[in-house]
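K.L.:
Mind folding the following:
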Amino acid sequence: MWIFIGTLIYLLFWLTCIVAYTVHYLSDTIQLTSFSQVIYTLSAGTEGAEGTVGEAIGGFFHNYWLLLLVGTLIFGYYIYFCLQQRKAEKEGRAFFNGKRAGYVFNCSVLGAALVIGGLFSSQLYQGWEVLGIGEYLDNVGRESNLYEDQFVEPTDVQITFPAQKKNLVHIVVESMESTYTSKERGGGYEEDLIPNLYNLAKAENATDFSPKGTTALNGANITNNSGWTVAGLVAMSAGVPLNVGNGQFNHNFSADDKFMPHLTTMGQILKENGYNNYFMCGSDGAFAGRSNYYEQHGQYDILDYSRAAHDKAIPAGYRVWWGFEDKKLYSWAQSKLTELSQAGSPFNLTIMTADTHFSDGYKCEECKDEHDTQYENVISCTDRQLTGFIHWMQQQDFYKNTTVVITGDHLSMDASIGKTVGNSYKRQAYSVILNGPEYTSDKTRDYCTLDMFPTIMEAMGIQIEGHRLGLGVSLYSDLPTLIEQMGLTALNAELSADSKYYSDVILSGDDTKRPLKTNESQPAQEEENKDSQASEEPNEQPAQVPQFEPATGGQTANYQLAAPAQNNNTYTPEPVYPTTTPDHNYNYTPAPTPTPVLPAAPAEPVNPAPVEPVAPVEPVAPVEPSTPSEVPTEPAPVEPSTPAPVVPVEPVVPDPGLPSVPAEPSTPEPAPAPVEAPAEVTE
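P.N.:
Predicted structure coming up:
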């Protein structure tokens with residue numbers, strides 16, 4: 001029994017050390033901002049991150065080797081002691097000199113068990129608090145209506161491309177923050193680590209979404225469930241975080257696994273409009289499901305470590321850091337951009353760097369020893385290499401028709417950053433757009449990476465009806481972002497909560513679970529208001545100034561479903577949708593058109609209704625935009641005589657031409673024709 005108890009104590013000792021190091025590693029070394037990241041990393045697998053896993057394991061033994069050695073020696077001596085005691089008992093001799101010695105031994109073992117158990121419990125509690133596990137469980141157990149109220153399905157709004165489609169180069173810089181600039185420029189460092197990127201953001205053809213002349217460098221906030229690489233990529237290209245509390249993500253990703261299959265992303269929209277999509281990185285594209293996401297949402301060509309080796313972009317057998325360093329990545333990107341620019345089709349190239357990954361970054365041959373720590377030196381090295389790559393692009397012919405976006409994927413997880421800037425400093429990811437529309441607002445925007453989805457598309461000259469996609473708001477519009485309206489803390493709480501819309505609609509694709517909007521039910525009283533709405537809305541439309549002038553000959557991608565999810569959205573005032581009624585029922589936009597026929601009724605009241613029984617079919621035609629002009633020329637007189645005797649009945653009948661049914665008691669056979677005709681028109 002005592003051997004069994006001692007073994008349990010020894011195992012508990014190891015678990016205590018592991019938990020203590022894990023809490024230290026997650027909270028101090030990589031500074032996780034949410035427990036969601038832990039869950040996602042554990043569930044999505046570690047393929048492509050073997051170096052980081054090895055570093056973590058090596059760090060454990062490096063920090064705890066002495067304690068583990070002492071504990072193991074004590075356990076070994078304890079086992080030897082117990083075996084000698086058992087041997088003495090078998091030989092019939094006393095092992096302890098008196099009962100007191102045996103009592104002391106037993107108490108020592110139990111005392112050791114209590115001490116180790118107490119340490120283990122304290123480490124678990126510390127991890128619970130530091131990693132925010134309690135907060136995570138509280139939010140997961142609460143249901144939020146954020147998506148029902150604020151989420152805009154890209155398939156519900158009209159997206160119009162310019163005649164001359166612009167290319168997109170999106171450079172996602174690992175852990176790049178606006179924090180790295182000097183305090184005089186709004187950063188958290190005494191010395192500017194990114195002077196070149198700062199100057200790039202404040203250049204004439206660039207914007208960080210602060211007014212011209214603003215000294216402080218603006219950046220993007222990182223919300224809950226968006227604080228690691230793949231989550232940041234999804235946030236910026238789809239306008240949603242990775243809600244890892246959902247069981248859809250609790251597995252290792254294989255090549256065939258679906259990654260949010262019912263999500264509509266930027267890559268899909270661009271692909272459907274003639275773009276070729278590419279994702280380039282210096283690591284394994286499979287890590288954390290990145291290949292799954294990009295291949296399934298826009299048919300991206302994955303240009304990763306294995307592809308670079310195959311294309312001989314790197315020497316055979318070469319591998320450093322996560323695969324190969326950014327210096328070789330930029331060189332490969334130059335070759336690829338030269339090739340793409342000569343292909344004749346618009347392209348979208350997303351480049352993911354890695355040198356500034358925690359911990360300490362990768363110090364390549366280009367890095368200088370100019371700062372106190374290696375990580376600071378690597379950041380400055382990235383600043384020089386990246387701006388050099390941008391300057392190369394600016395000298396190429398394709399640049400004038402290319403929008404360039406530079407963003408950090410998330411905040412750095414290197415412990416040195418938090419220790420340098422302190423907990424009170426508001427850290428933000430670097431975010432700048434080059435060669436896009438001029439930012440004319442006098443307001444510094446408070447936004448997050450979710451807002452980059454519609455912002456990047458409008459930076460390319462693409463018009464988005466309502467200026468909103470996903471949970472994001474275009475920063476070129478005057479609409480407030482979710483952070484500007486709710487605040488970051490409140491938004492984080494909602495994003496961490498459970499959402500049936502996220503689970504049932506976005507992940508599972510069940511449109512029947514989309515909340516029923518008032519425009520879907522088409523209540524009878526809506527018909528009574530249509531006449532007044534049709535006359536009032538044209539006066540409201542001019543109040544909304546479009547963000548971009550439509551390009552002549554542009555191509556329109558009109559994605560429409562029957563149930564727009566952005567209804568009841570406080571951020572989208574009615575004038576934002578100049579072609580629709582306030583209920584945003586896009587499919588029934590022309591419905592009010594038939595109303596002008598009614599004023600013509602008194603013109604010829606003598607026309608007998610029975611003469612042309614099929615006449616009621618024609619008034620329904622205005623649902624198709626091309627037919628309204630023909631209505632007055634044919635059976636316009638027929639309509640007046642029919643409604644005249646049944647005026648009290650008409651208001652209660654639904655829209656699609658049904659008023660004629662009760663109006664024709666003498667001709668029951670033609671009555672079904674008006675009923676069937678609306679069904680065809682609606683389809």
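
K.L.:
Please make it C-alpha for all contacts and neighbour counts, starting now.
P.N.:
OK.

K.L.:
Give me the contact list for stretch 366-384.
P.N.:
If you take CA atoms under 8 Å, 6 or more residues apart in numbering as the criterion, stretch 366-384 is touched by Leu193, Ile194, Pro195, Asn196, Leu197, Asp355, Thr356, Ser359, Asp360, Gly361, Tyr362, Lys363.

K.L.:
For the residues you listed, which two are the farthest from each other?
P.N.:
Greatest spatial distance among the contacts of stretch 366-384 (CA to CA): Asn196 and Ser359, at 23.2 Å.

K.L.:
Strands of the stretch 101-250 of the chain, residue ranges please.
P.N.:
158-161, 167-173, 206-207, 219-220 (DSSP state E, counting those that start in this stretch).

K.L.:
Of the ones you listed, give the one that comes closest to Ala56.
P.N.:
Using CA to CA, those put strand 167-173 closest to Ala56, at 22.9 Å.

K.L.:
Any regions of the stretch 151-300 of the chain where pLDDT drops low?
P.N.:
Applying pLDDT under 70 to the stretch 151-300 of the chain flags residues 244-254.

K.L.:
cutoff 80 now
P.N.:
244-257 (pLDDT under 80).

K.L.:
repeat for the stretch 351-500 of the chain
P.N.:
415.

K.L.:
Okay, strands next: where are they in it?
P.N.:
Going by DSSP E, counting those that start in this stretch, the stretch 351-500 of the chain shows strands at 402-408, 429-434, 463-464, 468-469, 472-473.

K.L.:
Rebuild these as a markdown table, extending it with mean neighbour count and distance to Thr481.
P.N.:
Below are the strands of the stretch 351-500 of the chain laid out as a markdown table (neighbours: other CA atoms under 10 Å; distance: least, CA to CA, whole Å):
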| stretch | mean neighbour count | distance to Thr481 |
| --- | --- | --- |
| strand 402-408 | 24 | 18 |
| strand 429-434 | 25 | 16 |
| strand 463-464 | 23 | 16 |
| strand 468-469 | 30 | 9 |
| strand 472-473 | 28 | 6 |
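
K.L.:
Report the buried residues of stretch 384-401.
P.N.:
Judged by neighbour count (16 or more other CA atoms under 10 Å), stretch 384-401 contains these buried residues: Arg384, Gln385, Leu386, Thr387, Ile390, Met393, Phe398, Tyr399, Asn401.

K.L.:
and Met260, that one's in a helix?
P.N.:
No. Under DSSP: H, G, I helix; E, B strand; the rest coil, Met260 falls outside any helix and is assigned coil.

K.L.:
count of neighbours near it?
P.N.:
Other residues lying near Met260 total 20 when counted by other CA atoms under 10 Å.

K.L.:
so it makes contact with Ile506?
P.N.:
Yes. Using CA atoms under 8 Å, Met260 is in contact with Ile506, at 7.1 Å.

K.L.:
now, of the strands of the stretch 101-250 of the chain, which is deepest in the fold?
P.N.:
Mean neighbours per residue, mean count of other CA atoms under 10 Å, is largest over the strands of the stretch 101-250 of the chain for strand 219-220, with a mean of 27.

K.L.:
For that strand, which helices and strands make contact with it?
P.N.:
The contact analysis (3 or more CA pairs under 8 Å, 6 or more residues apart in numbering; DSSP states H and E) places strand 219-220 against strand 429-434.

K.L.:
How about residues contacting the strand it packs on?
P.N.:
Strand 429-434 is contacted by residues 175-179, 201, 205-209, 218-222, 403-411, 459 when judged by CA under 8 Å, 6+ apart.

K.L.:
and stretch 498-512, how far apart are its ends?
P.N.:
With CA to CA, to the nearest Å as the measure, stretch 498-512 spans 19 Å from end to end.

K.L.:
Kindly reformat the contacts of stretch 366-384 as JSON lines containing neighbour count.
P.N.:
Below are the contacts of stretch 366-384 laid out as JSON lines (neighbours: other CA atoms under 10 Å):
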{"residue": "Leu193", "neighbour count": "25"}
{"residue": "Ile194", "neighbour count": "24"}
{"residue": "Pro195", "neighbour count": "17"}
{"residue": "Asn196", "neighbour count": "18"}
{"residue": "Leu197", "neighbour count": "23"}
{"residue": "Asp355", "neighbour count": "25"}
{"residue": "Thr356", "neighbour count": "25"}
{"residue": "Ser359", "neighbour count": "17"}
{"residue": "Asp360", "neighbour count": "19"}
{"residue": "Gly361", "neighbour count": "19"}
{"residue": "Tyr362", "neighbour count": "24"}
{"residue": "Lys363", "neighbour count": "20"}
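
K.L.:
Can you tell me which of the residues you listed lies closest to Ser345?
P.N.:
Nearest to Ser345 among the contacts of stretch 366-384, counting by CA to CA, is Leu197 at 29.7 Å.

K.L.:
who's in contact with the closest one?
P.N.:
Asp383, Thr387.

K.L.:
again, 10 Å this time
P.N.:
By CA atoms under 10 Å, 6 or more residues apart in numbering, Leu197 lies in contact with 178, 180-181, 203, 217, 380, 382-384, 386-387, 406, 430, 432.

K.L.:
what does Met260 give?
P.N.:
So Met260 contacts 242, 248-249, 292-293, 296-297, 502-503, 506-509 (CA under 10 Å, 6+ apart).

K.L.:
per-domain residue ranges of the chain.
P.N.:
Segmentation of the chain into domains, based on automatic domain parsing, reads 2-140, 146-513.
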